[in-house]
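Asker: Build me a structure from this.
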Amino acid sequence: MIKKKEDGRQKIGESRQKRGITLEIFCEFHQVKHQQIHAFIDFGLVKIKKVEEVIIIPEEQVEHLERCLRLANELGVNLEGLEVINNMRTKMLRMQRELDRLAYLSDESIEKFIEGGE
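Answerer: Numbers count the residues shown, from 1 in each chain. This next block holds a predicted model:
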């Protein structure tokens, strides 16, 4: 059972099922052809779900897919370039989380030192 929401995103099934948007609605909203999205899917850039033969783009993939579309359509980045950019972005985000964690630990250590602890 698929429940539609006003923004095109859908709740698939009941209770704890994943949320997403159909390929049809995504393409209509962004005014892109299905073939372009299928190329991203076939190349492994985007993960999808199928419910009763309907292709669903999971909610956590929508922003990623929109980013890929912008890079491809506005800057002319090819599939291989998108893969490289996505991999670099993933590594950058991972490093940023690690830096944030280290900064937090450093702040915690400084506070303990100031308070007289070790």
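Asker: for the chain, which spans come out with low pLDDT?
Answerer: The chain contains residues with pLDDT under 70 at 1-18, 117-118.
Asker: Select the longest helix from it.
Answerer: The helix that spans the most residues within the chain, counting by DSSP state H, is helix 79-114.
Asker: Only the buried residues of that helix, if you could.
Answerer: By neighbour count with 16 or more other Cβ atoms under 10 Å, helix 79-114 contains the buried residues 82, 85, 86. For the C-beta atoms, the positions are set from N, CA and C on the backbone; glycine is no exception.
Asker: ok, so of these, who is nearest residue 32?
Answerer: Distance to residue 32 across these (Cβ to Cβ) is lowest for residue 82, with 14.3 Å.
Asker: residues contacting the closest one?
Answerer: 40, 43, 45, 68, 71, 72 (Cβ atoms under 8 Å, 6 or more residues apart in numbering).
Asker: just checking, which of those residues belong to strands?
Answerer: Using DSSP state E, no member of the contacts of residue 82 sits in strands.
Asker: Which of those has the largest number of neighbours?
Answerer: Highest neighbour count within those: residue 68, with 23 neighbours (other Cβ atoms under 10 Å).
Asker: Could you report the distance from that residue to residue 110?
Answerer: 41 Å (Cβ to Cβ, to the nearest Å).
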